[in-house]
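>>> Build me a structure from this.
(2 chains)
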Amino acid sequence: MKPDTVSGNRALDLEEPLLFELGRPGRTGVDLPDAPKVASRLGGLDREGSIGLAGVSEPEVVRHFVRLSRNNYSIDANLYPLGSCTMKHNPRLNEKMARLPGFGDVHPLQPESTVQGALELIHALGHWLKTITGMPAVAMPPAAGAHGELCGMMAIRAAHEAKGDTNRHRVLIPESAHGTNPATAAQCGFTVDPIPGNERGRIDLAAVKAKLGPDVAGIMLTNPNTLGLFENEVIEVAQAIHSVGGYFYADGANFNAIVGKARPGDMGVDAIHINLHKTFSTPHGGGGPGSGPVCFSAALAPYAPLPMVIEQKGRFHLIEHRGGKNEPGEKSFGRMRTFNGQMGMFVRALSYMMSHGADGLRQVAEDAVLSANYIMASCAADMTSPYPGPCMHEALFDDRFLEGTGVTTLDFAKAMIDEGYHPMTVYFPLVVHGAMLTEPTETESKESVDRFIHVLRTLAKKAKSGDAAFFKNAPRYSPRRRVDETTAARNPVLRWTPPAPKAQAAE
Amino acid sequence: MRYLPLGPDDRRAMLGVIGAKSVDDLFKDIPQKARVSGLLDLPMHAGELEVERTLGAMAAKNRAAGAGPSFLGAGSYRHHIPSAVDHLIQRSEFLTSYTPYQPEVAQGTLQFLFEFQTNVAMLSGMEVANASMYEGGSSCAEAVLMAGRVTGRPRAILSGALHPHYRDTVRTFTQFSPVEVEYGDPVVDGKEDLAAQLGPDVACVVVQTPDFFGNLHDYTQLGQACRAAGALLVVVVTEVVSLGALKSPGQMGADIFAGEGQSLGVGLNFGGPYVGLFATRRQYIRQMPGRLCGETVDADGRRSYVLTLSTREQHIRREKATSNICTNSGLCALAFGIHVSLLGEEGMRRLAKLNHAAAVQLAEQLGQVKGVKVLNKTFFNEFTVELPGHADEIVEKMVGQGVLAGVPVQRLYRDRPELANLLLVAASETNTDADRAAYVAGLKKVLA
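The predicted structure is shown next:
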């Protein structure tokens, strides 16, 4: 609620204006010397007029960003149950390793002889990824999951075209898929053919078979799927798609559920991206940077993007251009970013993998799946799930338990905020009414999960008791109450602009 | 395992509530054939100390750029990052938060994104910027795709002085799209007539300043020619510090600005993560890729921020989205924003002047070395020199002198043997008089 204080502050919650409103001309947060006098080589292209940047001293900058930070929810503060996002603990060792000057302060175009350790690290991470997925090749450049999808689908298109097979324009995608899947397919020039789910929440194998034809380039399947369920007919799906010469792209967004337990390579997958910022604990940072290496089957491996790291006689090489006949990168579909890859994320992910090891990674999947099932079972008396368990690492609820209460999924989510919890992923997947996709991850203690369950169950009971107004008014205690998204979209204000000079008082 | 709080008793109790006998019952949907029996063929778990030893040994095999004089650029620049930047971005609330989908508990991220958009718009001289892209090359590729959507035209003309990796990224992103990409030979001297290639089917012309070889351009006239022809002008900047000294893309009439923000706050990181910058005219916002943060109010009427215009984006629009991008480069955008905030107008101007002066001094000194020729008439903090031998071999020998001397042009233009003697050399505020002296002395020795 809006505090009744003079300042608008609420004890530790301090209101903070925009940086541009704090700025004063001539103030700065750095001390830089005068530049030596030289004959300008700018050719008269000097920037004229003010840029408009705010002048702020270091203490003001520090205070500004510290105050802003306090308005954010974070995994470091509490359980973050966003389904499909895998908000697990981000170990600080990883941060320390990524900041070693030998990794963080290395230029991407240094001579190969000066970056053998960096190339070794990329190669080593690739080995872990290949082993974990059971696939023979890996492409490291993709900067995030969707970039990885682009990488995989471009390799698929390139592989078809290399065979002179240019009529494969259709890609099969389940209706429950992440939006990035159809967007990626479209960006690669494919048309999207949606596949319905069956009554068990899995892809309808009969529908897949019915859609097959010589114009099918492949299928994009998330497994475990976005309903938190394992596609138990995955091998049959792979066989079906392969039977017409198509390829199998797997979206690895939910890989945390099966790491160390099952390998996509044994399921007939041809390409899968791994979100290092999900399964392998690199921080989300408020929306990136991510990293989405793609593991490839032997069939697609030749088309992997540039650059790539190879090892020859104990030396590591960075292949930056298409090679000649039978050389590395000969058939690569090309370059999809400026430089080598998300090195900072690679270091963090390898640090995480080495910390867990083969034994720990397997335990990760087991504990993540156990916690999700524990939530689903514990809430079964008060909430509704569209599909029976066991689930994988996400517990999916729908809004049937709210039927007739006047409380929506959104209201329920906002009430969780007042209880100190970030809501789960809501209204996704789209195929489930009022979906609440809940992912606790393996880094929560049982006590933490128990507290969360207690809140969920109590809120569900409260909704059923008829107190809809309580939910409609939530959240009350967050730094802001419900934010008006409609106004924001109708009249987009996307930047600060200096206020118009005040009109002179009329004399 | 230090990151896994559950113990055997917890697991037993939880399985009891679920009604499962063992944890493997929960994995019964996975076909037997796809299951891992036992453990993967990888090392067992390790403590912090062991991991630090292994990774520390790998890091020690690299020469950190800052361990000695370094003059590398070509799209990635080494600058001093104020200490406050790294401290602030490591605040848990920034580092370990997700995309701000619940604005009531994400105002911190949303406000810094709004400030980031404002800073990028100001620096580029454009009307509106988005909340970041992956990095410069893919940002440039998205600009070309956007120009195709805006104009409905099929041809994109790329300058021969566009960074070759940007050019290649554009080619990759567009290879299965309706946009056809055209580009000519490398333009070492910056002289090319792109306006002559305009026609009624041209969606955009993509240019860069400072260009790949370091030359500076005023694209105002080209912008006018583009407008007359109904094409968009895309201006790329790979060294964002230059915007503290040079006429901005917006001031030249750019329709889209695509750039790399790595120079401010982010660091070298062997190529990533970086932060892609993207800005355009207000009239095109509904065709923009990427996330946008907008201002609004909350239920109590207080100023608030929220992700907006998401009907452009993949999670709503699916195959009709303006781009497939989802996760972008949030934390790097924060680092960029903090660095810009610390600099302010005055610091940004000073930093740009220092960079230019460092490069002018280096160019003068290198130009006096026998057999070395500086090719640029104009430059900001990077220029091209012609050496009396193959640049890659000389660079390798300079490593022996303790100096990272620059980027051989042919490393990026492999099929252009005529460029073998060209070297891109960048200088910044981090280079001292002693660094420059070491470069000159080393080069003389190597060329002798």
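
>>> what's downstream of the longest strand along chain A, the next helix or strand?
Secondary structure of chain A per DSSP state E: the longest strand is strand A:216-222. Following strand A:216-222 in sequence order, the next helix or strand is helix A:234-243 (DSSP states H and E).

>>> the inter-axis angle of that following helix versus strand A:216-222?
160 degrees (axes from the mean of the first three to the mean of the last three C-alpha atoms, to 10 degrees).

>>> partners of the helix or strand following helix A:234-243 in the sheet?
Next in sequence after helix A:234-243, counting helices and strands by DSSP H and E, comes strand A:247-251. Next to strand A:247-251 in the sheet, as set by DSSP bridges, lie strand A:216-222 (parallel), strand A:271-273 (parallel).

>>> mind checking which of those strands is nearest residue A:480?
When the strands paired with strand A:247-251 are compared by C-beta to C-beta, strand A:216-222 sits nearest residue A:480, at 32.9 Å. C-beta: built from backbone N, CA, C; applies to glycine.

>>> which stretches of chain A have low pLDDT?
A:502-507 (pLDDT under 70).

>>> all strands for it, in order.
Using DSSP E, strands in chain A cover A:137-139, A:170-174, A:191-195, A:216-222, A:247-251, A:271-273, A:294-296, A:308-312, A:315-319, A:395-397, A:425-426, A:436-438.

>>> Need the nearest residue in space to residue A:405, chain neighbours excluded.
residue A:463 (4.7 Å; C-beta to C-beta, 6 or more residues apart in numbering or on different chains).

>>> and that neighbour, how far is that from chain B?
Applying C-beta to the nearest C-beta, to the nearest Å, the value for residue A:463 to chain B is 19 Å.

>>> Can you report how many residues lie near that residue?
Residues contacting residue A:463 under the criterion other C-beta atoms under 10 Å in any protein chain shown number 24.

>>> cool, residue A:92 as well?
Under the criterion other C-beta under 10 Å, the count of neighbours that residue A:92 has is 13.

>>> Stretch B:327-347: how far from the chain's middle?
Remark: stretch B:327-347 is offset 13 Å from the chain centroid, using C-alpha atoms, centre = their mean, to the nearest Å.

>>> Quick one: the helices in the stretch 251-400 of chain B, in order.
B:314-317, B:330-367, B:391-400 (DSSP state H, counting those that start in this stretch).

>>> can you list the domain ranges for the chain.
I'll assume chain A. What automatic domain parsing lists as the domains of chain A is A:1-22+A:55-71, A:93-351, A:360-482.

>>> You answered for a different chain; I wanted chain B.
According to automatic domain parsing, the ranges for chain B are B:67-80+B:345-447, B:83-339.

>>> quick one, which of the ones you listed is packed in tightest?
domain B:83-339 (a mean of 24; mean count of other C-beta atoms under 10 Å in any protein chain shown).

>>> give me the number of residues near the closest residue to residue A:89 other than its chain neighbours?
Take residue A:89 and drop its neighbours on the chain: the residue closest to it by C-beta to C-beta, 6+ apart is residue A:443, 3.8 Å away. For residue A:443, the neighbour count with other C-beta under 10 Å is 24.

>>> of all the domains of chain A, which lies closest to residue B:98?
The nearest among the domains of chain A, by C-beta to C-beta, is domain A:93-351 at 4.9 Å.

>>> chain center to that closest one, what's the gap?
Relative to where its chain is centred, domain A:93-351 has its mean C-alpha point 14 Å off (C-alpha atoms, centre = their mean).

>>> Would you mind confirming that residue A:316 is in contact with residue A:123?
Yes: in this structure, residue A:316 is within contact of residue A:123 by C-beta atoms under 8 Å, at 5.9 Å.

>>> between the two, what contacts are shared?
By C-beta atoms under 8 Å, 6 or more residues apart in numbering or on different chains, residue A:316 and residue A:123 have these common neighbours: A:309-310.

>>> Quick check on the two: which one has the bigger neighbour count.
Between residue A:316 and residue A:123, counted using other C-beta under 10 Å, the more crowded position is residue A:316 (20 against 17).

>>> Please determine how far that one is located from residue B:54.
With distances taken as C-beta to C-beta, to the nearest Å, residue A:316 is found 16 Å from residue B:54.

>>> Redo the strands paired with strand A:247-251 as CSV? Include mean neighbour count.
What follows is the strands paired with strand A:247-251, written out as CSV (neighbours: other C-beta atoms under 10 Å in any protein chain shown):
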stretch, mean neighbour count
strand A:216-222, 26
strand A:271-273, 31
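
>>> where does chain B have its least confident helix or strand?
Every helix and strand in chain B was compared by mean pLDDT, DSSP states H and E; the lowest is helix B:314-317, with a mean of 88.
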